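S.K.: fold the stuff below for me.
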Amino acid sequence: MEYKIELRDEFIKLGQALKAVHLVQSGVEAKEVITAGEVLVNGEVDLRRGRKLYDQDVVSYKGETIRIEK
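M.R.: Numbers count the residues shown, from 1 in each chain. The predicted structure follows:
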């Protein structure tokens, strides 16, 4: 499945994006899956929960995709 997040501000943080589309239930769960290397940003593993996502960034987790749009 593909989710889209429309930015209200300049960016959204990676952990917030995962929570926004309910791929994780909490900030703690987001931190766990990100630091375990389970989340890809633009095709590469990113271990930073606070990674800022901007327009056109793509997040992948467990076969799900999140597209960030302005």
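S.K.: okay, now the closest residue to residue 35 other than its chain neighbours: neighbour count?
M.R.: Closest residue in space to residue 35, ignoring its immediate chain neighbours: residue 47 at 5.5 Å, by Cβ to Cβ, 6 or more residues apart in numbering. From N, CA and C alone the C-beta is placed, and that goes for glycine too. Residues lying near residue 47 (other Cβ atoms under 10 Å) number 12.
S.K.: shouldn't residue 47 be in contact with residue 34?
M.R.: Yes: with contacts counted by Cβ atoms under 8 Å, residue 47 reaches residue 34, the gap being 6.2 Å.
S.K.: ok, residue 61 - contacts?
M.R.: Shown in contact with residue 61 (Cβ atoms under 8 Å, 6 or more residues apart in numbering): 18, 23, 33, 38-40.
S.K.: buried subset of those residues as a ChimeraX selection?
M.R.: Buried residues among these (16 or more other Cβ atoms under 10 Å), as a ChimeraX selection:
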select :18,23,33,39
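S.K.: among the contacts of residue 61, name the ones in helices.
M.R.: 18, 33 (DSSP state H).
S.K.: picking up where we left off before, contact partners for the residue nearest to residue 35?
M.R.: 34-35, 37.
S.K.: go on, residue 6?
M.R.: Here residue 6 is in contact with 69-70 (Cβ under 8 Å, 6+ apart).
S.K.: give me the nearest residue to residue 51, chain neighbours excluded.
M.R.: Per Cβ to Cβ, 6+ apart, closest to residue 51 is residue 14, 4.2 Å.
S.K.: that neighbour against residue 42, yeah?
M.R.: No: here residue 14 does not reach residue 42: they are 11.4 Å apart, not a contact under Cβ under 8 Å.
S.K.: these two: who's more crowded?
M.R.: Remark: of residue 14 and residue 42, residue 14 carries more neighbours, 25 against 11, as counted by other Cβ under 10 Å.
S.K.: so who does the more buried one touch?
M.R.: With Cβ under 8 Å, 6+ apart, residue 14 has these contacts: 30, 34, 39, 41, 46, 48-53, 59.
S.K.: I'd like to know which of the residues you listed is nearest to residue 3.
M.R.: The closest of the contacts of residue 14 to residue 3 turns out to be residue 59 (Cβ to Cβ; 8.8 Å).
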